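Visitor: Pasting the sequence and the predicted model now:
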Amino acid sequence: MKVKVQKIDGKASGDIELNDDVFGVEPRADILHRVVTWQLENRRGTARPTRERSDVARTGKKFGPQKGSGGARHGDRGAPIFVGGGKAHGARKREFEQSLNKKVRALGLKMALSSKAKDGLVVVDSLELKDAKTKALKGHFDSAGLNGKVLFIDGEAVNDGFKKAAGNLPGINVLPAQGANVYDILNHDTLVLTKDAVEKLEARFNG
């Protein structure tokens, strides 16, 4: 699959051949759904449990006589009705982590890239800027027609000047190629890859 390459300001800069095994896979909603669900569930922290009657550190000794006090009958101080006692029917510990086959995860990423290759993929030569200023970068985006939520993926590491300049622009996110993931790709209107990113992503599946 041949795609046009442009500079960050939208000017043409040649062509690039994309590997059909990575960017030409027919997307399947069920696979993408499984991978996104796996990602989001694994981001969740453990639901913290409350301490119940058996968990609180209080004496188990009967603190008063059964009869003669004129009050109610009580056993140990860990009962839920006392201050410092255990919680009755408290929240239980919950783990949300899921496992997903590595082949399915890889296939999901290929499908996410392929869905953007059909509509919403831009390839640029690099993210290097002569003037690493937010205002100048915003002008480049306007001339290149990059609007809405845009995800930029660079090579081994993200260009520092570009990262700082794009930091204050709403809807703009930047990742290294190693951090490319299905949820972020699908959650943006446009995916912008550098030549280095294309090389890294193709090597990631072919290596």
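Guide: Sure thing, it's come through.

Visitor: which residues in this structure form helices?
Guide: With helices called from DSSP state H, the chain shows them at 20-23, 29-43, 102-118, 134-144, 160-166, 182-186, 195-206.

Visitor: Check which helices and strands the fourth one sits against.
Guide: In other words, helix 134-144. helix 160-166 (3 or more C-beta pairs under 8 Å, 6 or more residues apart in numbering; DSSP states H and E). Quick note: C-beta positions are derived from backbone N, CA and C, even for glycine.

Visitor: Outside of the helix it packs on itself, list whatever touches it.
Guide: 127-129, 132-134, 136-137, 152, 154, 172, 174 (C-beta atoms under 8 Å, 6 or more residues apart in numbering).

Visitor: returning to that earlier point: adding mean neighbour count, write the helices of the chain out as a markdown table.
Guide: Putting the helices of the chain into a markdown table (neighbours: other C-beta atoms under 10 Å) gives the following:
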| stretch | mean neighbour count |
| --- | --- |
| helix 20-23 | 16 |
| helix 29-43 | 15 |
| helix 102-118 | 18 |
| helix 134-144 | 15 |
| helix 160-166 | 17 |
| helix 182-186 | 20 |
| helix 195-206 | 17 |
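
Visitor: In JSON lines: the ones you listed, plus mean pLDDT and distance to residue 92.
Guide: As requested, these are arranged in JSON lines below (pLDDT from 0 to 100; distance: least, C-beta to C-beta, whole Å):
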{"stretch": "helix 20-23", "mean pLDDT": "91", "distance to residue 92": "43"}
{"stretch": "helix 29-43", "mean pLDDT": "95", "distance to residue 92": "18"}
{"stretch": "helix 102-118", "mean pLDDT": "94", "distance to residue 92": "30"}
{"stretch": "helix 134-144", "mean pLDDT": "90", "distance to residue 92": "48"}
{"stretch": "helix 160-166", "mean pLDDT": "91", "distance to residue 92": "42"}
{"stretch": "helix 182-186", "mean pLDDT": "96", "distance to residue 92": "28"}
{"stretch": "helix 195-206", "mean pLDDT": "90", "distance to residue 92": "40"}
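
Visitor: on that earlier part again, can you flag which of the contacts of helix 160-166 belong to strands?
Guide: Judged by DSSP state E, the contacts of helix 160-166 include 152, 172, 174 as members of strands.

Visitor: ok, and the most crowded of those?
Guide: residue 152 (25 neighbours; other C-beta atoms under 10 Å).

Visitor: any idea how far residue 110 is from that residue?
Guide: Plainly put, residue 152 is 20 Å away from residue 110 if you go by C-beta to C-beta, to the nearest Å.

Visitor: who's in contact with the residue nearest to residue 44 when sequence neighbours are not counted?
Guide: Distances taken as C-beta to C-beta, 6 or more residues apart in numbering place residue 96 nearest to residue 44, at 4.2 Å, with adjacent residues excluded. For residue 96, the contact set (C-beta under 8 Å, 6+ apart) comprises 41-42, 44, 46-47.
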